[in-house]
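# Kindly return the folded structure for what I paste below:
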Amino acid sequence: MNVKKIFKLFDEKAQELFKSKFTQNLTGSGVKIRWVKGKGFTPNLRTGPDYESIKSFVITFRNFILDGDGISIREIAKIYDSLPEGNSLRDRFQEARKNFNEFLDSLTIIRHNGKKLSNRRIIDTYIYGDVIHLEKHDEFKNLISIGPMKDIIFNEIVYVLGTCGNFIYYFNNLNKEYLSKIKD
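Next up, the predicted model:
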């Protein structure tokens, strides 16, 4: 597939994310945890995208993080890496990709089995435990089964995916700029 087709497909999938119900419901999302004496934690205090729109977003988002379809961040990095050193597009892509990976690898406040979880671990556990595959199903169910953890975990999933959407938006704009500078 040539660069133009790859970036057009990237844009098509990015537009699906930007126009999704998930993205439309990001504003005001969050979680409130209350403890009621004698009753414990009050459930269902999460606001924002519902579970179905989160799953739908992830199904499209996975194209940007899983290799194979030509539009993953890792796969398009090869296109930018082929540009000469010092090229502004190459440099901006590499910096954004570095920031994207640093964000995914940063630790959250969520602990599981005594260890803080990274944003990447939470998303991977969700993707491979509830949405696409089930190889981490037990781990995901265990993670969300403790007290108000389901609301907290899903709030974190929404936060991570929303931030990843911002990165996809930036990458998409770089791709458009790249296309505007190459000859047909």
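# in the longest helix along the chain, what's buried?
Ranked by residue count, the top helix of the chain under DSSP state H comes out as helix 149-181. Residues 149-162, 164-165, 167-168, 171-172, 174-175, 178 are the ones in helix 149-181 that count as buried (16 or more other CB atoms under 10 Å). No exception for glycine: its C-beta is placed from N, CA and C like everyone else's.
# what about the nearest residue to Leu66 once chain neighbours are set aside, how many neighbours?
Nearest-residue entry for Leu66: Ser72, 6.0 Å, with adjacent residues in sequence omitted and distances by CB to CB, 6 or more residues apart in numbering. By other CB atoms under 10 Å, the residues close to Ser72 number 16.
# three-state assignment of the residue of the chain positioned farthest from its centre?
Outermost residue of the chain with respect to the C-alpha centroid, by CA atoms, centre = their mean, is Gly38; its distance is 37.8 Å. For Gly38, the assignment made with DSSP: H, G, I helix; E, B strand; the rest coil gives coil.
# try Leu83
Following three-state DSSP, we place Leu83 in the coil state.
# phi, psi of it?
Per-residue torsions, Leu83: phi -70, psi 150 (degrees, to the nearest 10).
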